[in-house]
Every structure is written in C-alpha cells, then in structure tokens.
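1. can you look at this prediction? I've put the sequence above it.
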Amino acid sequence: MPGVRPVHEGLFTPEHLIGGRCDACRRHHFPAATTCPYCGSTAVTEVALSDTGTLWAWTAVTAPPPGYRGEVPFGFGVVELPEGLRVITRLGESDLSRLSFGQAMKLDIAPLHEEDDGTAVVTYSFVPSECA
Amino acid sequence: MTGVAIVGIGMHPFGRFEDKTVTEMGVEAVRAALGDAGDPEFQAAFCGTAYSGVAAGHKVLGALGRTGTPIVDVEAGCASGGAALMLAAGAIRAGQYDCALVFGIEKMPKGIIRSSFFEPWREEAGLAATPAYFALRAQRLMRESGVTKDLLAQVVVKNRRQGVHNPDAMFRAEVTADEVLASRLVCEPLHLWMLCSPNEGAAAVVLRAAPARDGGGPGVTLAAATLRSHLPGSALHEGTPLSGLADDADIPAPTTLAATAAYEEAGLGPADLDVVECQDTDAARELLSYEELGLCPQGESGEWIAEGVTALGGRLPVNPSGGLLSKGEPLGASALGQVVELTRQLRGGAGPRQVDGARTALGHTVGRGANASVVLLQR
C-alpha cells in the first residue's frame, strides 16, 4: 500500500513543527538544531512549536521553482509564532485576496506531490484558521 | 598606509552571448583593463564567479598567456566581484603586491537561478522560489516605508531610462510604469520587468599601490572595499533562513554592516556621495538599499523615488548605468561592472549618463550567503 513520506525528516510531526529552545539565550529556533543559531550555545532542547500563529508576509508562487514537482500557484509566506519566531512556510491559500496582515493561521501538513509508486510526499504549511 | 588606485578598467557587455564561452568574455574584459592600465606586470589575480566551475580565472589568464602569479577564484554570490576586490585591495595595502588584477566573469543559466545553496528537500518543498523571497521583502517594504506598486514601477522606469545610454546594458529601451505593471505577475507585488535578468558578461579592474589620500589628481582611488555576511535573526535577509526572530529590529542588515565598515574605512559618510550604483535585483531591493546604505532615513525610500532624488539630474543619482534592471545580472561580474561604471563617472567619461562633477562614488552588491559588499571610490 502506498505510504506517506515527509519531505524531510525532523521538521514536523503530524501535529506540530519541531523546533529548539536555547537554555542560554532563551530564544527559539526552527528547524531544531544541536547548536543555537543565535548565540552558539549547545544547551538546546527540542520542543514542539505552537501550531497556530499570525500572518506576517505572503505572496503566491506562479511558476514552478527549481526542483519542485507540485502544482502552481501555491501560497508562500511568513507566519509569526507565539514563541517569537517567524517561519518561512508554504501557505495552503494562494488566493491573495483571502489573506491579510495579522490573520490567524494554523499548521497543516499538506500534500506536495505523489511519487511514481504512489507515495504521497507531505510538507508543513499554514492555512487560515477559519479553513482548518 | 598605502592607498590603492584604480588604474585600468575593462568590460565585456552584459547580455546573452550564445556563441561565446565565459572564458572568452573574461579575456575581452581583462585585455581591455590591462590595456587601459598601460599593460602593467601584476603580481596576483583575483577572479569573482559563482557558476563558472573549477579554476575559471586560470582559464581566462591561461588564454591570455598571463599565468604564473597567484590566481584566486572567489565565490560570494552576487558580491563575488566585491569580495575579489576586497582581497586584492587588502593585499596591496599590506604591501604584499604593487599591482593586482581583479575580474569577474559569469554565464548564467536562464530563468530562476538554481542554486546549490538550497538543500534538495527545500527545492522539493517549493522553498527554492527565489523571486518569492524578494516579493515578501517587497511587501514588507511597502508596509513599512509607504512604497506603492506604482513607486516600484518608477524604479524600473528610472533605471531603464538611464540604461538607454549604456552600450554595455542588455535592455536599452525606455519603459513606462503602465508597461511595467502590465508585464507578467511573477510573485505579487513583483512583475517580470521589476526583476533583473540573470545573464552573462565580464568586468575587470587593475589596482595599483598609490600614496594614501592622493587627492586632487586625475586618478581614481579605491577608498574602501568591504564584505560582510549576515547576523542571524532576520527571516528575510539574504541568508535565506527557514526562520527568523520576531524581535529583529536591532539586527543590522548585511548591507548596513558592509556600508558602516566602508564609511569608517574611508572616513566618508552618505552625505559625501555624488553617485551610487546599488543592487537592484528587483525594484524593491533598490529602495531597501537606499535605507540600508543610509542614503535616506529609514522609511523614506518611497519619497526619494517619488521625488526623483535618485534620477540622473537629481540630488544623488543611483544606477546611472541603468542598474541590473537594464544590464542584467551576471553574478560574478556585477560588482566589478559597477566599479567600471563608477570609475568612468569619476573620470568624467560616462557620456550622456555622466553625473556632473562626480568625485565620490559608492558601489553596492548583496545576495545569497548572505554576502554584501560596499566599494567607495574617490577622485
């Protein structure tokens, strides 16, 4: 039976993004790393990041970027999480008239494309909360 | 301390040249620069390029029969030529060389730049969408600096008008704001004509040790050449991270870091500048550069373009060459193309696009890495 493959290991679970919290400078980062990208400390703990946030910037990608096999157009933007992080992310909405500054967004693990053997490749993305 | 003079410049036009190799373009630019300098003996050569493969600089100098010296090939994305210039100037200042050749060459693939910077999974996820990052930055600039889409179009109108007079530019026809806004929407708010075209070309300069602060002579002095990378934290800086901090207000942009260092090195400030060539990868990038270089106060770049401050004839002309929006962007060559243009300006030989009486000039490139370079020239 065809399975599901995350586009990359260690980025997300079905429920949340996997980030890191630095015990030295107290800042969060994404993706999780063994060294804090902001202060260089190795005292970092893997944490589940919030699955909700607010929209900070967005656009729609109208032509397939290099190496991408999914459909266009697709939404692309920055979602601000309560941990004080701005995450670069795919958006589940590409109709820009439905997006606005500060809009409530929710994590959605979404299909990217299907491989020849039927495996569905999924990635993290955010969608407007009212649609989720 | 030893100063550095620019004693020779050479260009291969920027554009598309199907029947030429990157080596051949480099040979033309280097030959022109060495000829302009009176064919000096140089003790080292530095070649900026990102896509030309192994030992690309050696192939150019091999074709000219000028090998034997150290040849250093330098990759720093859009700032590769600026990085090469910084290394050469630093070595001359330190007394290591009396004369150095610096050149940049590139033959880019067509379309959206494919970059090994992005891991395969980021490409697969659609996150290698370079123009989309530019678009997000443009949207934030519109929100924070009162910039409108019409003002973005005005940047293109200005640069294309100035590029008409540059024989080394790829696009030499004027455009109207309506035409810019009618071109294909790539990533809202950026339309196709608001984005520069990756292309091909080469540029070269010859540097020589000179007495420090040799003011008053006809020669052009390299007053500063700096290169900086990004500080971590900003989601949209050219390091192209996967995330950044919401509290990023105090994190200076790589361009600001490079500019601050350059002003300090030269003992100059933005108020001293007569002409600027800055990174206009996209129309918003040019406006952001005004702010990050300290040309205008934060948030006022929109007013500057609206009031014509940076057009030829304005208070501080920016991109008299037509910028990358007219010339196209051959990564490794673009920073040195700016230095060639600014040297022409300071020599008074820029023809119809001459900035009258220009004595102090700034060149700026910034791109992936992040890499930002700032060059200050004086006559």
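-> Looks like it came in fine.

2. show me what contacts residue 128?
-> Assuming you mean chain A. By C-beta atoms under 8 Å, 6 or more residues apart in numbering or on different chains, the residues touching residue A:128 are A:92, A:93, A:98, A:99, A:103, A:104, A:105, A:106. All C-beta atoms are positioned from the backbone trio N, CA, C, and that covers glycine.

3. look at chain B instead
-> Here residue B:128 is in contact with A:65, A:66, A:67, A:68, B:114, B:115, B:118, B:122 (criterion: C-beta under 8 Å, 6+ apart).

4. measure the last one to residue A:8 for me?
-> Read that as residue B:122. Summarising the geometry, the distance separating residue B:122 from residue A:8, computed by C-beta to C-beta, to the nearest Å, is 8 Å.

5. so these two - more neighbours on which side?
-> Neighbour tally, residue B:122 and residue A:8, criterion other C-beta atoms under 10 Å in any protein chain shown: the higher count belongs to residue B:122, 20 against 17.

6. can you read off the backbone torsions of the residue of chain B found nearest chain A?
-> Per C-beta to the nearest C-beta, the residue of chain B with the smallest distance to chain A is residue B:123, at 2.7 Å. Taking degrees, to the nearest 10, you get phi -60, psi -50 for the backbone angles of residue B:123.

7. before we move on, back to that, mind telling me the two of the contacts of residue B:128 farthest from one another?
-> With distance counted by C-beta to C-beta, no two of these lie farther apart than A:68 and B:115, which are 13.6 Å apart.

8. these two: who's more crowded?
-> Relative neighbour count places residue A:68 above the other of residue A:68 and residue B:115, with 21 against 17, counting by other C-beta under 10 Å.

9. host element of that one?
-> Secondary structure assignment for residue A:68, by DSSP states H and E: no helix or strand.

10. what's the local residue count around the closest residue to it other than its chain neighbours?
-> Excluding its sequence neighbours, the residue lying closest to residue A:68 (C-beta to C-beta, 6 or more residues apart in numbering or on different chains) is residue B:126, at 4.3 Å. Here the neighbour count serves as a burial measure; for residue B:126 (other C-beta under 10 Å) it reads 26.

11. wait, residue B:126 touches residue A:112, no?
-> Yes. Using C-beta atoms under 8 Å, residue B:126 is in contact with residue A:112, at 7.2 Å.

12. let me see the backbone angles for residue A:60.
-> Comment: the main-chain dihedrals of residue A:60 come out as phi -120, psi 130, following degrees, to the nearest 10.

13. number of residues surrounding it?
-> When neighbours are defined as other C-beta under 10 Å, residue A:60 has 22 of them.

14. and it, how far from chain B?
-> 6 Å (C-beta to the nearest C-beta, to the nearest Å).

15. would you agree that residue is in contact with residue B:186?
-> No. Taking contact to mean C-beta under 8 Å, the distance of 9.8 Å between residue A:60 and residue B:186 leaves them out of contact.

16. wait, a helix at residue B:100?
-> No. Following the definition DSSP: H, G, I helix; E, B strand; the rest coil, residue B:100 is strand and is not counted among the residues of a helix.

17. confidence score at it?
-> Predicted confidence (pLDDT) at residue B:100: the value is 98.

18. list the contacts for the residue of chain A found nearest chain B?
-> Of the residues in chain A, the one nearest chain B is residue A:67, at a distance of 2.7 Å by C-beta to the nearest C-beta. With contacts defined as C-beta under 8 Å, 6+ apart, residue A:67 is in contact with B:114, B:118, B:120, B:123, B:124, B:128.

19. ok so, going back, where's the residue nearest to residue A:68, which helix or strand?
-> Element membership for residue B:126, per DSSP H and E: none, as it lies in no helix or strand.

20. which residues touch it?
-> Contact partners of residue B:126, counting by C-beta under 8 Å, 6+ apart, are A:61, A:64, A:65, A:68, A:70, A:74, A:76, A:90, A:112, A:123.

21. which of those count as buried?
-> Neighbour-count burial (16 or more other C-beta atoms under 10 Å in any protein chain shown) is assigned, among those, to A:61, A:64, A:65, A:68, A:70, A:74, A:76, A:90, A:112, A:123.

22. identify the residues contacting the fourth one.
-> In other words, residue A:68. For residue A:68, counting by C-beta under 8 Å, 6+ apart, the contacting residues are B:123, B:124, B:125, B:126, B:128, B:129.

23. can you put those in JSON lines and add pLDDT and distance to residue B:106?
-> Supplementary listing: the contacts of residue A:68 in JSON lines, determined by pLDDT from 0 to 100; distance: C-beta to C-beta, whole Å:
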{"residue": "B:123", "pLDDT": "96", "distance to residue B:106": "22"}
{"residue": "B:124", "pLDDT": "96", "distance to residue B:106": "27"}
{"residue": "B:125", "pLDDT": "97", "distance to residue B:106": "28"}
{"residue": "B:126", "pLDDT": "96", "distance to residue B:106": "26"}
{"residue": "B:128", "pLDDT": "94", "distance to residue B:106": "20"}
{"residue": "B:129", "pLDDT": "94", "distance to residue B:106": "22"}
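
24. now distance to residue B:369 too, for the residues you listed, in a markdown table please.
-> Conversion of these to a markdown table gives the following (distance: C-beta to C-beta, whole Å):
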| residue | distance to residue B:369 |
| --- | --- |
| B:123 | 18 |
| B:124 | 23 |
| B:125 | 21 |
| B:126 | 22 |
| B:128 | 15 |
| B:129 | 18 |
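
25. what's the most distant pair in the residues you listed?
-> The farthest-apart pair in the contacts of residue A:68, when distances are taken by C-beta to C-beta, is B:124 and B:129, at 12.1 Å.

26. the two - which one has more neighbours?
-> residue B:129 (28 against 20).

27. so the more buried one makes contact with residue A:62?
-> No. Look at residue B:129 against residue A:62 with C-beta under 8 Å: they stay out of range, at 9.6 Å.

28. hey, what's in contact with both of the two?
-> Where contact means C-beta under 8 Å, 6+ apart, the residues bridging residue B:129 and residue A:62 through contact with each are residue B:187.

29. so which of the contacts of residue B:128 are in helices?
-> Cross-referencing the contacts of residue B:128 with the helices (criterion: DSSP state H) gives residue B:122 as the overlap.

30. surely residue B:361 touches residue B:342?
-> Yes. Under the contact definition of C-beta under 8 Å, residue B:361 touches residue B:342, with a separation of 4.0 Å.

31. quick check on the residue nearest to residue A:68: phi, psi?
-> When quoted as degrees, to the nearest 10, the phi and psi of residue B:126 stand at phi 80, psi 10.

32. follow-up on the earlier one: what sits closest to the residue of chain A closest to chain B if chain neighbours are left out?
-> Residue A:67 sits nearest to residue B:123 (C-beta to C-beta, 6+ apart), 2.7 Å away.

33. which residue, other than its chain neighbours, is closest to residue B:284?
-> The nearest residue in space to residue B:284 (C-beta to C-beta, 6+ apart) is residue B:138, at 3.5 Å.
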